[in-house]
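Engineer: no sequence for this one, just the structure:
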């Protein structure tokens, strides 16, 4: 899979400034976490999990980014509340989510597995902060090389699916070694 055809799609910074999706990986590989929305306890958990590998990502020379689908203010509040040391953007129309075939729907959000995931996140200390974006959207994670090729992709099947952090780290190393 190569993302060059999606490079022209704009996401918005927390200040509302348009940024081309392709700019996220044009200078260095990127780990891009897609969160469900900016108020979800599962998304706060995902941000914390991304931060757990941030030292490896940054030390290797890659970029860490998070994309959600609320408005730009939601992106800024999410970054502040999660203490996320990464670039945060929003795709308010969810165009990237659709083009990347990320799941969306009631049954992928409300089901016994997502309930167990929410309980896990709650027990880890994460809390729901409201609905800041599309509540039915699922997320995922991509590792993208500077040529736009995808070294790793994980689309979450249900709300709160855990990221495969080991595979994310391996993909980052492969991208950096190939550059």
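Structural biologist: Alright, I've got the coordinates. Fair warning: this is a prediction, and the values are worked out from it, not measured in the lab.
Engineer: what about the chain, any weak spots by pLDDT?
Structural biologist: By pLDDT under 70, the weakly predicted segments of the chain are 179.
Engineer: which one's the longest helix in it?
Structural biologist: Counting residues, the longest helix found in the chain (DSSP state H) is helix 41-59.
Engineer: got the angle for the helix or strand that that one is followed by vs helix 41-59?
Structural biologist: Counting by DSSP states H and E, the next helix or strand C-terminal to helix 41-59 is strand 63-68. Orientation check (axes from the mean of the first three to the mean of the last three C-alpha atoms, to 10 degrees): strand 63-68 against helix 41-59 gives 160 degrees.
Engineer: Give the other helices and strands that strand 63-68 contacts.
Structural biologist: Other helices and strands packing on strand 63-68, by 3 or more C-beta pairs under 8 Å, 6 or more residues apart in numbering; DSSP states H and E, are strand 30-34, helix 41-59, helix 72-82, strand 87-90. Every C-beta, even on glycine, is put in place using the N, C-alpha and C of the backbone.
Engineer: and stretch 95-114, how far apart are its ends?
Structural biologist: End-to-end distance of stretch 95-114 (C-alpha to C-alpha, to the nearest Å): 24 Å.
Engineer: Same question for that stretch: list its buried residues.
Structural biologist: 96, 97, 100, 102, 103, 104, 108, 109, 114 (16 or more other C-beta atoms under 10 Å).
Engineer: Could you do stretch 36-55 as well?
Structural biologist: 36-51, 53.
Engineer: Please report the distance of residue 86 from residue 148.
Structural biologist: Relative to residue 148, residue 86 is positioned 20 Å away (C-beta to C-beta, to the nearest Å).
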